[in-house]
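In: Could you look at this predicted model? Sequence included:
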Amino acid sequence: MLKVGIERRSSTPERLEKIMEQAGNTQVQRLEKRLGGLASITSIEPLMGFLGTITGLIKAFMSWEGAGANVTVSLLALGIYEAMITTAAGLSVAIPYYLCYNYFISRIKYISTEMNEYSTQFIDILMEAKGEGSR
């Protein structure tokens, strides 16, 4: 971003600010490029776990229905076991991904804020060097 500012330093302060803002936005877009996939995994994994929970409970209830009054805990256990395992697996994947996603988002926001501050300082320094004073 500063490279673009240096290359276009002869522009008016307003134009230079827009040029540098556009360069900064391009850099932020590059940083955010693959966050969509991470966000998708974070959103979909708990749903996959929930789907497994539902299918496991369906199996348990189907076993119950088939056994009628003769239902036993061991007959229901397989479906309940599937329900719990899939829920745990979905959350085990989603939680770390969610933490990573939030970390990357906060870093991008921090970098974006820094870029804005540095570009403002750069333009001020450039204008002072040209003798135009502070904006």
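Out: Cool, the structure landed. Numbers count the residues shown, from 1 in each chain.
In: out of everything not next to it in sequence, what's closest to the most centrally placed residue in the chain?
Out: Centroid check for the chain by CA atoms, centre = their mean gives Tyr101 as the closest residue, at 3.8 Å. Distances taken as CB to CB, 6 or more residues apart in numbering put Leu38 closest to Tyr101, at 4.8 Å, once the chain neighbours are dropped. (Glycine included, C-beta is placed from N, CA and C.)
In: Next up, the contacts around the one you found.
Out: Shown in contact with Leu38 (CB atoms under 8 Å, 6 or more residues apart in numbering): Tyr97, Cys100, Tyr101, Phe104.
In: Poorly predicted segments of the chain, please.
Out: 132-135 (pLDDT under 70).
In: after the helix or strand hosting the residue nearest to Tyr101 comes which helix or strand?
Out: Here Leu38, judged by DSSP states H and E, is contained in helix 35-67. Remark: after helix 35-67, the chain's next helix or strand is helix 73-130, criterion DSSP H and E.
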